[in-house]
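1. Below are the sequence and a predicted model; questions follow.
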Amino acid sequence: MAKCSFCGGNMPVGRGKMYVKIKGQILYFCNSKCQRNWNLGRVGKFTKWTNKAKEEKEA
């Protein structure tokens, strides 16, 4: 099961988007909200609603 590259959430098989960069790096996005925020240059661990931010806060 893949994890979203922006928010860190689990993605069910057959859902979401796979974005491949020119250098071969693969990014997975669970929904368009995550992809848009990544395109804007935001970082998932600093965005309040993501799972990565919640994990950072607990630690």
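-> Sure thing, it's come through. Numbers count the residues shown, from 1 in each chain.
2. now what about the least confident helix or strand in the chain by mean pLDDT, what contacts it?
-> One helix or strand of the chain scores below all others by mean pLDDT, DSSP states H and E: helix 51-58, with a mean of 87. With CB atoms under 8 Å, 6 or more residues apart in numbering as the test, helix 51-58 has contacts from 7-9, 44-47. Any C-beta I mention is one placed from the backbone N, CA and C, and that applies to glycine too.
3. Also stretch 4-14?
-> Contacts of stretch 4-14 (CB under 8 Å, 6+ apart): 1-3, 16, 27-30, 34-35, 37-38, 44, 47, 49-52, 55.
4. next one: stretch 33-45
-> 4-8, 17, 19, 27, 29, 47, 50, 52-53, 56.
5. what about 6 Å?
-> Under the criterion CB atoms under 6 Å, 6 or more residues apart in numbering, residues 4, 6-7, 29, 50, 52-53, 56 lie in contact with stretch 33-45.
6. For those residues, which entry has the maximal number of neighbours?
-> Ranked by neighbour count (other CB atoms under 10 Å), the contacts of stretch 33-45 have Phe6 at the top, with 26 neighbours.
7. If anything else comes up later, I'll come back, but that's it for now.
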